[in-house]
Structures are given as structure tokens and as C-alpha cells.
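Asks: Pasting the sequence and the predicted model now:
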Amino acid sequence: EKIPNKRIESENIKVGNGVFIVDKGTFKKLSTTENKYIKPVYEPYLIDKYSVAEYDKEIIYITKKNYKNDCPTLINHLSKFKEIMNERRENLQGKLSFYHLHWARDEYFFEQGAKILSVRKCSKPTFAYTENEAYVMMSFNVIRSKRIDLKYLSAFLNSKVVEFWLRHRGKMQGNNFQVDKEPILGIPIFDTQNQTVKKQIINNVEQLLELNKELQQTSLSDKAEQLKHRIEHTESKINELIYQLHELTSEEIQLIEQRE
């Protein structure tokens, strides 16, 4: 209703067309200069423990900070919808132009390098380690740190011990977890000095990353079942090591696992 009818017809604009978020490969012939604004975007359905599936959407990441007046094709695309963007609060106040993202986040968290993508609303706590460039929206929190090995941290956060802690001390919506910033910061992280056990945990995480990648690529049902069994077994080994680090008794372990 906000877009002039003449432009709707000339540009063949339809309800549901992507504005900043578009299908992967929408812009096929961009220059290198323009292509730097096109970023892979991930939604929760692509994420599982130790698994990040291939992205199918991209985001035009033009911000007030990074824009260099060097992407005419993308500006032309966004200009089709400028009446909508110009009604955003920051635009009405003259702080942003129609082609700027409204709530841009610090790109450091999305750039290539070790990070953990934490799904905010989930049936089970889901923390996925990746080193790829990965842009996400408010359905995720992103963890980056040089103070702790992030493969080890992903194992710790995905463990049954942390699931138990989040269920009783975190934030729940019915039977679903709401893993917001505050519950994450509240988790008592155990960064063990036992390098032998720590290395075992990291090795198992690396194995899980490879097994899940192989699972995504296979089309054979028998092989998929074998891989799922190996994934389950490897996750169990990690949980056993986490129990060992916390020196839990068999009764305490049973209490944690009785939710299964």
C-alpha cells in the first residue's frame, strides 16, 4: 500500500519479495566491490548441535558505518521499497537512509573465525561451532572469545550438565528453552586445567563436526543411520567426560539423565 502502483507494476513487486534478506544467488552478476555487501545468513532451522547446514538466504549488509557509495545495483534493488524503510524510526529522525540496515550488529561476531551460534528458542540447548562467515539475526546469540577454546566450550554448553542447569536455573517457555544473553552469562563455565581430558573433548567435537558434515552430504539411508549412531555415541562420550570433570556421582548423573 505504501509503494506507488506504477512502480509495483514496472518492477513486478509482490508480497513476500525479499528486501534486505533475499534467496541465495539472487544477485548473480555483482562486481567484487558490490559483492562484499552480500553475506550468508543463517536461520535456526539450519543449526543443530555441532552442525551448521548450507545457507539458503543472503543478507544485504549495508550499514551507515560500512557504506562507501559503491553498490548501485543493490541500491537500485532497495530503492524499490524505500517508502517502507523511510517510515522506520531512525529514518524519520534523519539518522539513516532507506538503504541502511536499521539495527545492524557488530560484524566482528559474524566474520570468519571461531564462533558459537547459540539458538535462543529451542527444544534443547543448541550451540553450534563454526569458523565460517555466518550472519544471524535476533533469533541467535553469538559467542566469540579468546579466553577459552571454543570447541571445548561448545561441548560444555551442549552437554547434559548445562541442559540440566538451564532447565532449573535458566529461562523456560513451557518445555522449550529460552537461551537469552542473561542465562548464557549465568552458566558456571568449567574451563578445566586437565589438558588430557580437555584434548579428548576437543577431539570428539572435531569428530562430531566431520560426522555431521558427512551426514548432510549422504543420500544413502543405511549410511545416514550409521552416522547418526556414531554421532549419538560420540555425544555420549563427551557427556561422560563432562561428568568426570565435575566428579559427579552415579546418583547425580541419574538425576541429570532422567529427563531423557
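Replies: Looks like it came in fine.
Asks: in the helix or strand where Asp222 lies, what's buried?
Replies: Using DSSP states H and E, Asp222 falls within helix 221-246. Of the residues in helix 221-246, Leu227, Ile231, Thr234, Glu235, Ile238, Asn239, Leu241, Ile242, Tyr243, Leu245 count as buried by neighbour count, 16 or more other C-beta atoms under 10 Å. To be clear about C-beta, it is placed using only N, CA and C from the backbone, and glycine gets the same treatment.
Asks: same for the helix or strand that that helix is followed by, what does it pack against?
Replies: Going down the chain from helix 221-246, the next helix or strand is helix 250-257, by DSSP H and E. If you count contacts as 3 or more C-beta pairs under 8 Å, 6 or more residues apart in numbering; DSSP states H and E, helix 250-257 packs onto helix 160-169.
Asks: For the helix or strand that comes right after the helix it packs on, which outside residues touch it?
Replies: Counting by DSSP H and E, the element after helix 160-169 in chain order, helix or strand, is strand 172-173. Under the criterion C-beta atoms under 8 Å, 6 or more residues apart in numbering, residues Lys121, Gln178 lie in contact with strand 172-173.
Asks: still on that earlier bit, mind giving me the packing neighbours of the helix holding Asp222?
Replies: Judged by 3+ C-beta pairs under 8 Å, 6+ apart, the packing partners of helix 221-246 are helix 150-157, helix 160-169, helix 195-217.
Asks: Quick check: mean pLDDT of it?
Replies: What helix 221-246 shows for mean pLDDT is 97.
Asks: can you check stretch 98-116 too?
Replies: pLDDT averaged over stretch 98-116 gives 95.
Asks: ditto for stretch 162-179
Replies: In this model, stretch 162-179 has an average pLDDT of 96.
Asks: Now it: buried residues?
Replies: Residues of stretch 162-179 classed as buried by neighbour count (16+ other C-beta under 10 Å): Val162, Glu163, Phe164, Trp165, Leu166, Gly170, Phe177, Val179.
Asks: Just put those in TSV and tack on distance to Phe140.
Replies: Compiled in TSV, the buried residues of stretch 162-179 are given as follows (distance: C-beta to C-beta, whole Å):
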residue	distance to Phe140
Val162	17
Glu163	18
Phe164	23
Trp165	20
Leu166	16
Gly170	16
Phe177	14
Val179	10
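Asks: now Val197, nearest residue through space, not along the chain?
Replies: With C-beta to C-beta, 6 or more residues apart in numbering as the criterion, Val197 has its nearest non-adjacent residue at 5.7 Å, and that residue is Leu241.
Asks: for that neighbour, what are its contacts?
Replies: Neighbouring residues of Leu241 by C-beta under 8 Å, 6+ apart: Val197, Gln200, Ile201, Asn204.
Asks: Poorly predicted segments of the chain, please.
Replies: 259-260 (pLDDT under 70).
Asks: my read: Ser139 touches Tyr42, true?
Replies: No: between Ser139 and Tyr42 there is no contact under C-beta atoms under 8 Å: 9.3 Å.
Asks: What lies in contact with stretch 91-98?
Replies: When contacts are defined by C-beta under 8 Å, 6+ apart, stretch 91-98 is touched by residues Lys64, Leu78, Ser79, Phe81, Lys82, Met85, Asn86, Arg88, Glu90, His102.
Asks: rerun that using 6 Å as the cut-off
Replies: Lys82, Met85, Asn86, Glu90 (C-beta atoms under 6 Å, 6 or more residues apart in numbering).
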